[in-house]
Every structure is written in structure tokens, then in C-alpha cells.
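In: The sequence and its predicted three-dimensional model are supplied below.
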Amino acid sequence: MHAPPANQELSAPVEEILGLTLHPKVRTLVDYWLSIKPAGSLPGRQHFEPLDVPALLPNIWLIDVEREPKLRLRYRLVGTNVAQAFDRDSTGRYLDEVHSEFLDSHIWLYMKGVVQDGMPGWRAGTPRFWHLRDYLSLERIYLPLASDGREVDMILALTVFVDRFGNEF
């Protein structure tokens with residue numbers, strides 16, 4: 001079992017994130033994202049083929065970015081492990097509807113930064129949402145996707161959870 005470092009996070013160019021000790025699933029997704037990334041721009045949803053990373057699908061979640069009338073994020077897809085950790089599949093719902101504390105959270109600011117800066121974001125440590133209190137740790141990556149190569153319109157995310165019994169999923 002991979003033990004993530006305690007409460008670290010980084011929003012940085014992907015090369016800097018690759019310099020960290022990453023969970024193998026996180027590293028695999030980052031490597032895949034790099035492999036589909038067109039030169040000089042961000043990859044888009046049209047480049048992401050879920051069947052290229054089948055072992056990661058239970059841990060993957062996709063977030064749609066809506067910019068009008070204001071910036072808002074919506075779950076497009078939630079992998080089975082993520083749905084299990086949150087005790088529900090929130091596909092199709094807005095994050096601020098599912099998580100009442102979302103707009104007041106550090107998570108919102110962090111995701112907004114990924115959208116605005118177009119840079120990946122990585123975090124490892126204890127969960128920040130109260131309903132994940134039964135989990136000892138998690139490691140996650142946010143990877144920006146942009147159908148036009150520039151303006152982020154989706155976030156490709158992956159989270160690995162470790163429960164209070166030490167089970168990783």
C-alpha cells in the first residue's frame with residue numbers, strides 16, 4: 001500500500017508534480033494526460049479515451065466547467081470508488097448542490113484556480129469534506145481539459161482513498 005505524505009498540495013506545471021512521490025494510479029493518469037496532450041496546448045475531452053485507462057476508472061471523476069452566468073462546476077461522471085467514498089453517485093449534479101459547504105471551502109478555491117490557471121493540482125493528506133471523516137487519507141489529482149486547447153472546460157480528476165482500516169480503494 002502506498003502511504004501518501006501528510007497534507008501536502010501543489011498547483012504547478014505537470015513536470016513539477018511528476019517530481020513528487022505519487023501514488024501509482026495518480027502517476028499513471030498524469031502520464032496518460034501527458035501522452036494525449038497536444039504540443040503547446042491542453043488536451044480536451046476529445047483526447048481522453050476512458051478505455052485507455054480501464055484500471056483507473058473506479059477512481060476517476062470528471063467535472064464540467066460552466067462559465068455563464070457565473071463559474072459553476074458539475075459532476076459529469078463519478079467513478080464507483082469515488083461514489084462509494086461519498087455514499088452516493090452525484091453524476092449530473094452541481095458540486096455546490098451536493099456539498100453545502102463547497103463554495104466556502106478551500107476545495108472550491110483550489111478547483112477555481114485549476115480552471116483559471118490551466119495547471120494541474122495535486123493533494124495528499126486527510127480529507128477536507130466532513131462526510132469523508134471515516135477515511136484516513138486520500139491522494140488526488142486535478143488535470144485541466146480544454147476542448148479548444150486553452151480555456152479549461154472540464155477537470156479530469158482521480159482520487160485514491162484509504163479507509164480507517166487501511167484498505168485502499
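Out: Good, I have the coordinates.
In: ranges for the strands of this protein?
Out: Per DSSP state E, the chain carries strands over the ranges 8-11, 60-66, 72-78, 121-125, 135-145, 154-163.
In: Check which residues of the last one are buried.
Out: Looking back up the chat, that one is strand 154-163. Residues 154-162 are the ones in strand 154-163 that count as buried (16 or more other C-beta atoms under 10 Å). (C-beta placed from N, C-alpha, C; glycine too.)
In: what's the closest of the strands of the chain to residue 95?
Out: Among the strands of the chain, strand 72-78 comes nearest to residue 95, with 4.7 Å by C-beta to C-beta.
In: Now do the closest one: everything it contacts.
Out: Residues outside strand 72-78 that contact it (C-beta atoms under 8 Å, 6 or more residues apart in numbering) are 60-66, 86, 89-96, 98, 111, 115, 154-155.
In: Now tabulate the strands of the chain in TSV and tack on distance to residue 31 and mean pLDDT.
Out: Formatted as TSV, these follow (distance: least, C-beta to C-beta, whole Å; pLDDT from 0 to 100):
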stretch	distance to residue 31	mean pLDDT
strand 8-11	17	91
strand 60-66	14	98
strand 72-78	21	97
strand 121-125	14	93
strand 135-145	11	92
strand 154-163	12	94
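In: Dump the ones you listed into TSV; add distance to residue 49 as well.
Out: Below are the strands of the chain laid out as TSV (distance: least, C-beta to C-beta, whole Å):
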stretch	distance to residue 49
strand 8-11	26
strand 60-66	12
strand 72-78	14
strand 121-125	23
strand 135-145	13
strand 154-163	12
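In: of all the ones you listed, which lies closest to residue 29?
Out: Proximity to residue 29 (C-beta to C-beta) singles out strand 154-163 among the strands of the chain, at 4.8 Å.
In: what's that closest one packed up against?
Out: Packed against strand 154-163 by the contact rule (3 or more C-beta pairs under 8 Å, 6 or more residues apart in numbering; DSSP states H and E) you find helix 24-36, strand 60-66, helix 80-85, helix 106-117, strand 135-145.
In: now do 10 Å
Out: Taking 3 or more C-beta pairs under 10 Å, 6 or more residues apart in numbering; DSSP states H and E as contact, the helices and strands that strand 154-163 lies on are helix 24-36, strand 60-66, strand 72-78, helix 80-85, helix 106-117, strand 121-125, strand 135-145.
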